[in-house]
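**Q** Any chance you can model this:
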Amino acid sequence: MTRYYLFSFVLILSQVQSFAQDTKKLAEAQRLFSIKNYDKALPLYLEAIQSGVKDPLTNYQAGICCLKMQNIDDQVKGIPYLEKAFSEGKGLPPTLPYDLGELYLKNEQLDKAFETLSRYKELSKADPKAKARADKAIEVCHNAIALMSVPRNFTVHSFSSTVNTQYTEYNPTVSADESIVAFTALRPNTGRTRSGDKFIEQVYVSYNKSGTWSDPVVIPISSEYNVGTAGISPDGQKMMIFIGGTTDPGSLYQITKDGDGWSKPSLLAGSINSNALETTCSITPDGKTIYFASDRQGGKGGLDIWKTELKADGKWSNPVNLGPEINTAANEDAPFIHPDQKTLFFTSDGHNTMGGNDIFKSILINGKWTKPENMGYPINTTANDNYFTLLADGKRAYFSSDRKGGQGAQDIYYIDMPENASTVPLTMVKGKILNAETGKPMPTKMYVIDKDSKKEVEFVYDPDPKTGDYLIILPPAKNYDIVIESEGFLPYTLNVNIPNQDYFYELYQQITLKTIKQFDVVVGQEVQVKNAFYDTQQDVKTDLRKTHEAQLVKSGSVDVYDMMLDLMASDDKEGINYLVSLIEHQNPIESVNFNEKENSKIEVASRTYYYDESDESKFEQKKVEGKTVFSLPTMVVTEEAKRVRDESSKSVTYDKALLAKFVKIFFDQGKNDLKDQYNAQLSDILQTLNANPGLGVEISGFASAEGTEEANRELSNKRAITVLDYFNQKGIVRRRIVAKGYGATKDENVSKEEGRRVEVRVVPVK
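**A** Now for the predicted structure:
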């Protein structure tokens, strides 16, 4: 009996101690809750509940701690705690049914969300603000029910596992050709910068190498404050970034690509930045219009979308609000203007959202924006979905979301648009400019002039100085002159006529430049353009589709192993071959063979400019950025390509006996003066050249062996130049003259007098 009482005493003492410990933990949890340290309070609440605490307040506070977590999958774990508090508790905060309804909505339990939010509205009818809040939440719930009942034909894919992590990744900005993606990431603060912040924002960039994304690398941006991606130019050469400050809520800056590196930030031009908050922006392909988000004065409320345009005098216009069609009393952010310059995507927590931020689309028609269209489910969910970017061809889009099932608080996703989605009638020219002699790029500017509208300059492009790569997006049914200034060469003009196509078209182009020298003097330059194109619209669509399918295979979004087993089981040889080709497929621009002898899809246009030719010396005057540029005559690429083909197929006719014409001209020792006694012979050759455009003259200069090798070569050059000048001044252009000095005569049997000569021969023009 004594033993029984002793056991009971120990048991009671243990329970008392346990109760005391639970009380202590609960008190600590409530203290942490009061200072909003929800991360540390939650496990203490959960321990108390697991040990038997059934207090409704404890369940309520545990549920609120879950609600405050970053990851939505952790947030919805608070539903059972709030349910228990709602069913059993009295005297709890009146917002309890609203909080529970919000979690139901995030968990896509729409019927329960509607029921609970309606109950909140009923309980809050005496409070106008709470009632308005309830009405908005119920409206969002209705929107979610309507949009999720008719899901759109999109499949959402999580982006590369090298990009998405357990942390936060958002605001993907992608170049028009999908070669570069930059994004903002929250990473743990290691203490090296911005001490005091648990996480810091960093800008990462990844490059698309033949369909495979490289490991993201940080772009070093020197700032003690928040930084993030804000936008990127369609050609991927300029990136807009957000930087906050001590007194500035946040402004927009620009960095420029230089090979694999990026420049230091500089404030975005014009009056975009103010003393208010500017968050994100998007620039049109011509660089003349910027759409951006700001909460500056004069807006409709919260963040609004504004635009500014580059005026004829080179200055940016005062920003203009896009108006009530786009902006609401809530927040509109993350504008993205498609390269077609009429389709605008943006993020909003106003309009007909289905929970948190949603992505909307509006089209500019006759100068007015259409009513924003919710992009629908599953692009939008009851979570936050934002920062939408559509590729130039309209085939793929990127965005970020904190939806259920993610790896972190926010992740980056992409969708492949369905086959029946409307195509974008644009031409995207991807090219490279190189020095033919060195194989290397050179600093270049490209000015695109719309010939139809007679505008001075429509677009200005800066090819990457380290690679020579450029990307130009052009609308259909337009005729353009592209004035190109490359360091070390005279400006030249290429004419490009864009057809009135109703589909997206990619043209791959390589431009090479070569100087033409005579006696170390530049007398001309050769411009060669090689275009890799497709013969039919179907070829274009097939190859583009294949490229995107290959990217799916390489990203791991398609189980290649299972697919191959299925194909083998059905003995589908055609399917097996196609799958293998997808695995091996590369992005066309990475693998274009510009050797026209090996690739039948290469169009070659070449033109040689000799600066002395009177018929082509009338330099064209182009108005470029307020100055006059004298350009070599315009080269119409398609016509020049046809001329090259025609000339290669036809032979020049002349009397072969004329090739026997030969003259020796002798000079005095150490002299290069042309004696009058040779005028008759040279005049005879001149008449032959004038009568036969397919013939030219070869001039070879020599010297006797008295002097040094260097002196003899210089003297032989001067003698050859004297004869060259004779023909050139008589109207024979440089392209028909081949001249060279050979130094001292090598033949020991030749006399000194014979060695001081120039030989002149009639030759075919190459």
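
**Q** Can you give me the pLDDT of E753?
**A** Per-residue pLDDT puts E753 at 85.

**Q** Looks to me like it is in a strand.
**A** No. Under DSSP: H, G, I helix; E, B strand; the rest coil, E753 falls outside any strand and is assigned helix.

**Q** Report how many residues lie close to the nearest residue to it once chain neighbours are set aside.
**A** Distances taken as C-beta to C-beta, 6 or more residues apart in numbering place F666 nearest to E753, at 6.6 Å, with adjacent residues excluded. To be clear about C-beta, it is placed using only N, CA and C from the backbone, and glycine gets the same treatment. Applying other C-beta atoms under 10 Å, we find 14 residues neighbouring F666.

**Q** Check the spacing between F666 and V163 real quick.
**A** Per C-beta to C-beta, to the nearest Å, F666 is found 77 Å from V163.

**Q** still on that earlier bit, check what pLDDT the residue nearest to E753 gets.
**A** 94.

**Q** who does it bridge with?
**A** R757 (DSSP bridges).

**Q** unless I'm mixing things up, it is touching R757, no?
**A** Yes. Using C-beta atoms under 8 Å, F666 is in contact with R757, at 5.2 Å.

**Q** Run through the strands of the stretch 101-250 of the chain in chain order.
**A** 156-158, 168-174, 180-188, 199-209, 212-213, 217-218, 227-232, 238-243 (DSSP state E, counting those that start in this stretch).

**Q** cool, and the stretch 251-400 of the chain?
**A** Under DSSP E, counting those that start in this stretch, the stretch 251-400 of the chain gives strands at 251-258, 261-262, 266-267, 278-283, 289-294, 304-309, 320-321, 332-337, 343-348, 358-365, 368-369, 373-374, 385-390, 396-401.

**Q** who wins for proximity to T23 among the ones you listed?
**A** Closest of the strands of the stretch 251-400 of the chain to T23 is strand 396-401, at 41.6 Å (criterion: C-beta to C-beta).

**Q** Lowest-scoring secondary structure element of this protein by mean pLDDT?
**A** Sorted by mean pLDDT, DSSP states H and E, the helices and strands of the chain end with helix 537-555, the least confident at a mean of 48.

**Q** Return the per-residue confidence for the residue nearest to L632 when sequence neighbours are not counted.
**A** Using C-beta to C-beta, 6+ apart and skipping residues adjacent in sequence, the residue nearest L632 is Y492, 4.4 Å away. Y492 carries a pLDDT value of 91.

**Q** Name whatever forms a beta bridge with Y492.
**A** I484.

**Q** and it, how far is that from E485?
**A** 9 Å.

**Q** More neighbours: these two, which one.
**A** The neighbour comparison of Y492 against E485 (other C-beta under 10 Å) goes to Y492, with 22 against 16.

**Q** The more buried one contacts I484, doesn't it?
**A** Yes. With contact defined as C-beta under 8 Å, Y492 reaches I484; the gap is 5.8 Å.

**Q** Now the closest residue in space to M148 that isn't next to it in sequence: phi and psi?
**A** Leaving aside its sequence neighbours, M148 sits nearest to Y377 (C-beta to C-beta, 6+ apart; 4.7 Å). Y377 adopts backbone torsions of phi -90, psi 140, taken as degrees, to the nearest 10.

**Q** quick one: contacts for Y377?
**A** Listed by C-beta atoms under 8 Å, 6 or more residues apart in numbering, the contact set of Y377 reads L147, M148, P151, R152, M354.

**Q** Of those residues - the most surrounded one?
**A** So for the contacts of Y377 (other C-beta under 10 Å), the most neighbours sit at M354, 26 neighbours.

**Q** and the gap between that one and K627?
**A** 53 Å.

**Q** so how many other residues sit close to Q677?
**A** Around Q677 there are 9 residues (other C-beta under 10 Å).

**Q** count of neighbours near N208?
**A** Around N208 there are 19 residues (other C-beta under 10 Å).

**Q** and it, what is it in contact with?
**A** E178, S179, I180, V181, S214, N587.

**Q** Would you check that S700 makes contact with V758?
**A** Yes. At 6.8 Å, S700 and V758 qualify as touching, with contact defined as C-beta under 8 Å.

**Q** I'd say Y508 and N531 touch.
**A** Yes. Using C-beta under 8 Å, Y508 is in contact with N531, at 7.3 Å.
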